[in-house]
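J.: Starting from these lines, generate the structure:
(3 chains)
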Amino acid sequence: MTSIHQDQLRIQTSGRGFTELTESARQFAHACQVHQGLLTVFMHHTSASLILCENADEQVLRDLEGWMQRAIPDGDPIFRHTAEGPDDMPAHVRSVLTASSLSLPVVSGRLDLGTWQGLYLYEHRVAPHRRRVSLTLIGED
Amino acid sequence: MTSIHQDQLRIQTSGRGFTELTESARQFAHACQVHQGLLTVFMHHTSASLILCENADEQVLRDLEGWMQRAIPDGDPIFRHTAEGPDDMPAHVRSVLTASSLSLPVVSGRLDLGTWQGLYLYEHRVAPHRRRVSLTLIGED
Amino acid sequence: MTSIHQDQLRIQTSGRGFTELTESARQFAHACQVHQGLLTVFMHHTSASLILCENADEQVLRDLEGWMQRAIPDGDPIFRHTAEGPDDMPAHVRSVLTASSLSLPVVSGRLDLGTWQGLYLYEHRVAPHRRRVSLTLIGED
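T.: Next comes the predicted model:
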């Protein structure tokens, strides 16, 4: 029997950087008590996004952020949407290039990620923000 | 009881740029009369794509397009696939970097996007094209 | 009646480049014998990813790879995570910029891709790797 389960996470970020959501997603998948299914994570903002990335060496996330800063520089004179700050338009471009929704398999009752795969909220604004992320699990007993 | 609903949108674009699909997606979600679920939008082309982006200031989309033109220039001598025009290969790269499918939550009978979140078809070819986008809603009463 | 079907693909890559998965996905969708639904493909790694790209001219994939090499160079001195080789950190950035999950419509019993749309595993590491990809189909008779 197929059923649908939903929940929301409210995440207070500390500014530009990463908040790991893997454990929250795992717990939700477990609590739904389905045998198999699909968990879709959705970001309700356009200046923060979702990624799956290596979770073993923290330097990986720092290098990713370094690449982003060079490819989409804050205060780039190409941008005219500057009223909300030099990091706002770069945050929109970063969000478009990464993920707003990610769908993850649930197998034998648990979230089936790769060994080194972590799920992260990627805050692109420099200032701390309160972010809403929703979880939708479509599963079967 | 879980059910699946599908529909297609046929969009005539006016060349490179954005066509907002938010209202079409909202109407479809509403017409399906499900209480909760997941709406997946899919782009059936490889030179146009989907994005979620800020819908308050039109300059955001223009700046996004400006960044794309600089990062993936038309007529870039690095590209050898040029038979379909100088904007064809850039259109494929842009499509790969943005989204071909996006899955959006439906909560309490309506599409649950963020306040400033608009869903857009992003046409990457310079000439107008006719594009097919499909909608799949998996929902529960 | 809605049902959920899952399977896994084990792909041996020959190093950086593309392995087409379209036919495997089509066969799985067909074998599930559902009338309509959604097939979600998921990559269980952070240095390989999924894309939908033109499948008519092989030069398109080569040009995409050329763009990636210039935008995210191997051995870039900006990267400090170098213990696993000069192509490891670029592989993580490429994976973040492309897709880890893709959700494709199934209509009238078959995978409904665009005419020129191929599904590819994109291996970003230079050395061959064994990769796990999972398929989850949520469908209705």
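
J.: From chain C, how far off is A:Thr46?
T.: For A:Thr46, the distance to chain C (C-beta to the nearest C-beta, to the nearest Å) stands at 17 Å. From N, CA and C alone the C-beta is placed, and that goes for glycine too.

J.: Quick one: neighbours of the closest residue to that residue other than its chain neighbours, just the number.
T.: Distances taken as C-beta to C-beta, 6 or more residues apart in numbering or on different chains put B:Glu54 closest to A:Thr46, at 4.7 Å, once the chain neighbours are dropped. Look at B:Glu54: counted by other C-beta atoms under 10 Å in any protein chain shown, it has 26 neighbours.

J.: Equivalent analysis for A:Arg16, please.
T.: Taking other C-beta under 10 Å as the neighbour definition, A:Arg16 ends up with a count of 22.

J.: Pretty sure it sits against A:Leu121.
T.: No: between A:Arg16 and A:Leu121 there is no contact under C-beta atoms under 8 Å: 11.6 Å.

J.: What segments of chain A are strands?
T.: In chain A, the strands defined using DSSP state E lie at A:2-12, A:17-20, A:36-43, A:48-54, A:101-107, A:110-111, A:117-123, A:130-140.

J.: contacting residues around the residue in chain A that chain C sits nearest to?
T.: Here chain A gets closest to chain C at one residue, A:Gly114, 3.6 Å apart by C-beta to the nearest C-beta. With C-beta atoms under 8 Å, 6 or more residues apart in numbering or on different chains as the criterion, the residues that contact A:Gly114 are C:43-46, C:132.

J.: Then A:Gly15?
T.: Under the criterion of C-beta under 8 Å, 6+ apart, the neighbours of A:Gly15 are A:123, A:125-129.

J.: For chain A, what lies in contact range of chain B?
T.: A:2-4, A:6, A:40, A:42-47, A:71-72, A:76, A:78-81, A:83, A:89, A:92-93, A:95-97, A:99-101, A:103, A:132, A:134, A:136, A:138 (C-beta under 8 Å from any C-beta of the partner chain).

J.: re the thing from before, please dump the strands of chain A into TSV; it should also carry distance to C:Gln12 for every row.
T.: Listed next are these as TSV, based on distance: least, C-beta to C-beta, whole Å:
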stretch	distance to C:Gln12
strand A:2-12	34
strand A:17-20	31
strand A:36-43	26
strand A:48-54	21
strand A:101-107	21
strand A:110-111	26
strand A:117-123	20
strand A:130-140	31
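
J.: Any chance of JSON lines for those strands, columns mean pLDDT?
T.: As requested, the strands of chain A are arranged in JSON lines below (pLDDT from 0 to 100):
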{"stretch": "strand A:2-12", "mean pLDDT": "98"}
{"stretch": "strand A:17-20", "mean pLDDT": "98"}
{"stretch": "strand A:36-43", "mean pLDDT": "98"}
{"stretch": "strand A:48-54", "mean pLDDT": "98"}
{"stretch": "strand A:101-107", "mean pLDDT": "98"}
{"stretch": "strand A:110-111", "mean pLDDT": "97"}
{"stretch": "strand A:117-123", "mean pLDDT": "98"}
{"stretch": "strand A:130-140", "mean pLDDT": "98"}
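
J.: Can you check which of the ones you listed gets nearest to C:Glu20?
T.: strand A:101-107 (21.2 Å; C-beta to C-beta).

J.: Direction included, what does that closest one pair against?
T.: Applying DSSP bridges to the sheet, strand A:101-107 is found paired with strand A:36-43 (antiparallel), strand A:110-111 (antiparallel).

J.: biggest helix in chain A by residues?
T.: If you go by DSSP state H, chain A has its longest helix at helix A:59-71.

J.: and chain A, which of its residues are near chain C?
T.: Residues of chain A lying near chain C by C-beta under 8 Å from any C-beta: A:2, A:36-38, A:51-54, A:57, A:59-60, A:62-64, A:66-67, A:70-71, A:97-99, A:102-105, A:107, A:112-114, A:116-117, A:138-140.

J.: mind running it again at 6 Å?
T.: Contact residues, chain A versus chain C (C-beta under 6 Å from any C-beta of the partner chain): A:2, A:36-38, A:51-54, A:57, A:59-60, A:63-64, A:66-67, A:97-98, A:102-103, A:105, A:114, A:117, A:138, A:140.

J.: May I have the beta-bridge partners of the residue nearest to A:Thr46?
T.: Under the criterion DSSP bridges, B:Glu54 forms beta bridges with B:Gln117.

J.: if I read this right, it contacts B:Val60, doesn't it?
T.: Yes: proximity of B:Glu54 to B:Val60 meets the contact threshold set by C-beta atoms under 6 Å, at 4.5 Å.

J.: center of chain A, which residue is that?
T.: A:Leu50 (2.1 Å; C-alpha atoms, centre = their mean).

J.: ok, A:Asp63 - contacts?
T.: By C-beta atoms under 6 Å, 6 or more residues apart in numbering or on different chains, the contact set of A:Asp63 is C:79-81, C:89.

J.: if we go to 10 Å?
T.: A:57, C:76, C:78-82, C:88-90, C:92-93 (C-beta atoms under 10 Å, 6 or more residues apart in numbering or on different chains).

J.: just to revisit the earlier point, joint contacts of A:Arg16 and A:Leu121?
T.: By C-beta under 10 Å, 6+ apart, A:Arg16 and A:Leu121 have these common neighbours: A:Ala48.

J.: Now do the residue nearest to the residue nearest to the centre of chain A when sequence neighbours are not counted against A:Met43, distance only.
T.: Leaving aside its sequence neighbours, A:Leu50 sits nearest to A:Ala99 (C-beta to C-beta, 6+ apart; 4.6 Å). The gap separating A:Ala99 from A:Met43 is 8 Å, by C-beta to C-beta, to the nearest Å.

J.: swap in A:Glu54?
T.: 20 Å.

J.: And for A:Ile11?
T.: When distance is defined by C-beta to C-beta, A:Ile11 is 10 Å away from A:Met43.

J.: Between these two, which contacts overlap?
T.: Residues touching both A:Ile11 and A:Met43 by C-beta under 10 Å, 6+ apart: A:121, A:131-133.
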